[in-house]
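K.L.:
Structure, please.
(chains A and B)
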Amino acid sequence: MSTEARSNFLKTQIQSDLDGGQVEQLVTRFPPEPNGFLHLGHAKSITVNFELARRFGGRCHLRFDDTNPEKESQVFIEAIQEDVRWLGYQWDGEVRYASSYFQQLYDWALCLIDQGLAYVCDLTAEEAREYRGSLTQPGKDSPFRSRSVAENRELFEGMRAGQFSEGSRVLRAKIDMASPNINLRDPILYRIRMAHHHQTGGQWPIYPTYDFAHGQEDAIEGVTHSICTLEFEDHRPLYDWFIEHLPVPHRPRQFEFARLNTSYTVTSKRKLKALVDSGAVAGWDDPRMPTLAGLRRRGYPPAAIRHFCEEVGTSRSDSTVDVAMLESAVRNELNDSAPRAMAVLNPLRLTLTNVPEAEQLSVANHPNNEAMGSRPVPFTSELFIDAADFREEANKKYKRLVPGKRVRLRGAYVIEADRCDHDASGAVTRVYARIIEGTLGADPEDGIKARGVIHWVSAEAGVRAEVRCYDRLFNDPNPGKNDDVMSALNPDSLRVIGDAVLEPSLVEAAPEQVYQFEREGYFVADRFDHSAERPVFNMTIGLRDTWSAANA
RNA sequence: UGGGGUGUCGCCAAGUGGCAAGGCAGCGGGUUUUGAUCCCGCCAUUCGCAGGUUCGAAUCCUGCCACCCCAGCCA
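P.N.:
Numbering: from 1, shown residues only, chains lettered A, B, ... in the order given. I've put the predicted structure just below:
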């Protein structure tokens, strides 16, 4: 069954709301706080919201939930927009900001005060914690709970006017200090913050909390289905309480799904930051990072990430998806989209003793897609092959080059190896072989077939390049389980090859273009470091390998 | 130990009283000028456990167990 056809609780809910006429047009939103870079977990939320809107003919907003100026910045606002677009989505209309609703939110706070449903509380943070009670014990009423409407209004207006110091007072909802749901024990609506806000500058000395802001933001925008993660489930009664008691123009509903967890991956901002700060990775966009910027630099196609999020499904049960599923989506996408090319990562010189002249060969860019055309590849007497593709002695299972045996040079001739040179330590330094005449595009006439196919690059025309080979960042399938992520690091997550040799066509690669280096894997021209003068490729992912593991 | 959730294959996940989908991983075979791709086949007599209702239960009822979330003036 296609992922499009597979049902989930959100699709079922939305379909029913549409069918029953409760909702005319679906409106969702992706509401990041601009306080960090987007990662795989956000990709899931983005995909859920945008795909639902697409599927049901609705719209999806991008709204920055910017209610805490001290942690946020314009840098993230721009980076987030770029990442959402890169993933392949375009939000409906302009980018929206919670901060542009601050006046409305303030007016609604006054509305609550006037109804006797909110009050200014002078308890310190520590006192408030004590009054809140515990999981098993009810809280007790704040001594400021019974202030008059007039006094509350005056005090709150004073807060807004900047008359009080940070932390000295808050505005709280008057709900129930004995509620078994701690979120209902007179939650804070507004706090005083003398901070410069990236959007509103110095306009506001008070800022609404998530709880007071979010549902009302949804109501203002006409969001019908406000989709968030499971940890907000306990907040839903509060979300509904505000909508119930305020003259909002629309009644949104909140639905929660299980956030995406992926094996061998961390997505906690704190842990990601630790990786960057410690130098374990080169930055937030290091190709090993699960940030969208990192995945992008690694060469993961946005479509692969979208498909992965869809294939994983959307449910309410906590789970950890095997990262192999992501890798499968990446290979699946790249197998179709990546042109093939040849590059030798571990060069070994091969001399063809019966090739007098250079020749220009034409090699297909994709074995199963003629539309991708072909390219010229220079064939010369001096080549490089991969050192792993030659052995002086080997059993029958080894389908590569061995003295006295034949192998096909990909897109070129069948060759037979004769001998090799060694260095002082006995390592092979050069292999001598002959081409078998008449084997360009044909099998040998003598009926002795090649045992396998290997890739190669002309030693004369080939171009030296840096190739960065990446492996999983962590050895531990659950690196986030303890506080110390460093102990779970894979020490071999990056191997830089300085002297790889590329076929000349690769020099023209545009940054971010992904190729399949035949028989090796998928490699992307680095977004920032690659140039024709100094080619740099990052390994996106290796080809599926059912042989080396079983024959190690 | 209060409240809110979740348990279906190694990992995800559909299934809403009538024969337990699909993907990933794995295994076997075929094609192949990439040990890739592609193709074919195998992979849950059983749905956290125990009772009960019913002609019939993963689906309904009762009890139990396990795991996750909540005591920020973060989101």
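
K.L.:
in chain A, which ranges drop under the pLDDT threshold?
P.N.:
Where chain A drops to pLDDT under 70, the residues are A:552.

K.L.:
quick one: the helices in it?
P.N.:
Counting by DSSP state H, chain A forms helices over residues A:9-19, A:40-55, A:74-87, A:102-114, A:125-132, A:149-160, A:210-221, A:236-245, A:269-278, A:292-298, A:302-312, A:323-337, given from the N-terminal end onward.

K.L.:
Save the ones you listed as CSV, and put in mean neighbour count and distance to RNA strand B too.
P.N.:
(Each C-beta comes from the backbone N, C-alpha and C, glycine too.) Written out in CSV, the entries for those read as follows (neighbours: other Cβ atoms under 10 Å; distance: least, Cβ to the nearest atom of the strand, whole Å):
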stretch, mean neighbour count, distance to RNA strand B
helix A:9-19, 15, 5
helix A:40-55, 22, 11
helix A:74-87, 17, 12
helix A:102-114, 18, 12
helix A:125-132, 14, 4
helix A:149-160, 17, 11
helix A:210-221, 23, 4
helix A:236-245, 18, 8
helix A:269-278, 15, 9
helix A:292-298, 24, 17
helix A:302-312, 21, 4
helix A:323-337, 18, 4
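
K.L.:
now those as JSON lines including distance to residue A:389?
P.N.:
Formatted as JSON lines, those follow (distance: least, Cβ to Cβ, whole Å):
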{"stretch": "helix A:9-19", "distance to residue A:389": "50"}
{"stretch": "helix A:40-55", "distance to residue A:389": "35"}
{"stretch": "helix A:74-87", "distance to residue A:389": "37"}
{"stretch": "helix A:102-114", "distance to residue A:389": "65"}
{"stretch": "helix A:125-132", "distance to residue A:389": "66"}
{"stretch": "helix A:149-160", "distance to residue A:389": "73"}
{"stretch": "helix A:210-221", "distance to residue A:389": "58"}
{"stretch": "helix A:236-245", "distance to residue A:389": "60"}
{"stretch": "helix A:269-278", "distance to residue A:389": "36"}
{"stretch": "helix A:292-298", "distance to residue A:389": "26"}
{"stretch": "helix A:302-312", "distance to residue A:389": "29"}
{"stretch": "helix A:323-337", "distance to residue A:389": "22"}
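
K.L.:
Relative to residue A:181, which of these is closest?
P.N.:
The stretch from the helices of chain A with the least distance to residue A:181 (Cβ to Cβ) is helix A:236-245; that distance is 6.1 Å.

K.L.:
can you list contacts of the closest one?
P.N.:
Around helix A:236-245, the neighbours that count as contacts under Cβ atoms under 8 Å, 6 or more residues apart in numbering are A:112, A:115, A:117, A:173, A:175, A:181, A:183-184, A:187, A:211-212, A:214-216, A:219, A:226, A:251-252, A:254, A:256.

K.L.:
Verify the contact between residue A:319 and residue A:258 for me.
P.N.:
Yes. Taking contacts as Cβ atoms under 8 Å, residue A:319 lies within contact range of residue A:258: 6.4 Å.

K.L.:
Is any residue of stretch A:416-424 near RNA strand B?
P.N.:
No. Taking Cβ under 7 Å from any atom of the strand as the criterion, stretch A:416-424 and RNA strand B are apart, separated by no less than 14.6 Å.

K.L.:
how far away is residue A:405 from residue A:433?
P.N.:
For residue A:405, the distance to residue A:433 under the criterion Cβ to Cβ, to the nearest Å works out to 10 Å.

K.L.:
which residues are common contacts for these two?
P.N.:
In terms of Cβ under 8 Å, 6+ apart, residue A:405 and residue A:433 are both contacted by the residues A:416, A:417.

K.L.:
So those two - more neighbours on which side?
P.N.:
The residue with more neighbours, out of residue A:405 and residue A:433, is residue A:433; 27 against 20, by other Cβ atoms under 10 Å.

K.L.:
what's across from that one in the sheet?
P.N.:
According to DSSP bridges, residue A:352, residue A:417 are recorded as the beta-bridge partners of residue A:433.

K.L.:
Return the residues in contact with it.
P.N.:
If you count contacts by Cβ under 8 Å, 6+ apart, residue A:433 has them with A:350, A:351, A:352, A:353, A:401, A:415, A:416, A:417, A:418.

K.L.:
if you set the cut-off to 7 Å instead, what comes out?
P.N.:
Residue A:433 sits next to A:350, A:352, A:415, A:416, A:417, A:418 when contact means Cβ atoms under 7 Å, 6 or more residues apart in numbering.

K.L.:
thought the second one was touching residue A:435?
P.N.:
Read it as residue A:352. Yes. With the criterion set as Cβ atoms under 7 Å, residue A:352 and residue A:435 qualify as a contacting pair; they are 5.7 Å apart.

K.L.:
what is in contact with these two at once?
P.N.:
The overlap between the contact sets of residue A:352 and residue A:435 (Cβ under 7 Å, 6+ apart) consists of residue A:415.

K.L.:
Next one: the residue lying farthest from the centre of chain A from RNA strand B, what distance?
P.N.:
The outermost residue of chain A relative to its centre, with distances by Cα atoms, centre = their mean, is residue A:446 at 53.2 Å. Using Cβ to the nearest atom of the strand, to the nearest Å, residue A:446 is found at 16 Å from RNA strand B.

K.L.:
now swap in residue A:100 and tell me
P.N.:
Using Cβ to the nearest atom of the strand, one gets 15 Å for the distance from residue A:100 to RNA strand B.

K.L.:
if we can go back for a sec, what about the contacts of residue A:433, which one has the most neighbours?
P.N.:
Highest neighbour count within the contacts of residue A:433, by other Cβ under 10 Å: residue A:415, with 27 neighbours.

K.L.:
Please name the residues that touch that residue.
P.N.:
Residues in contact with residue A:415, defined by Cβ under 7 Å, 6+ apart, are A:352, A:406, A:407, A:409, A:433, A:434, A:435, A:436.

K.L.:
quick one: contacts for the nearest residue to residue A:480 once chain neighbours are set aside?
P.N.:
Once its chain neighbours are removed from consideration, residue A:480 has its nearest residue in residue A:266; the separation is 4.4 Å (Cβ to Cβ, 6 or more residues apart in numbering). Neighbour list for residue A:266: A:272, A:479, A:480, A:485 [criterion: Cβ under 7 Å, 6+ apart].

K.L.:
ok, now with 6 Å
P.N.:
Contacts here follow Cβ atoms under 6 Å, 6 or more residues apart in numbering; on that basis residue A:266 touches A:479, A:480, A:485.

K.L.:
is it possible to export the contacts of residue A:415 to TSV including distance to residue A:134?
P.N.:
Formatted as TSV, the contacts of residue A:415 follow (distance: Cβ to Cβ, whole Å):
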residue	distance to residue A:134
A:352	80
A:406	77
A:407	72
A:409	73
A:433	78
A:434	83
A:435	81
A:436	82
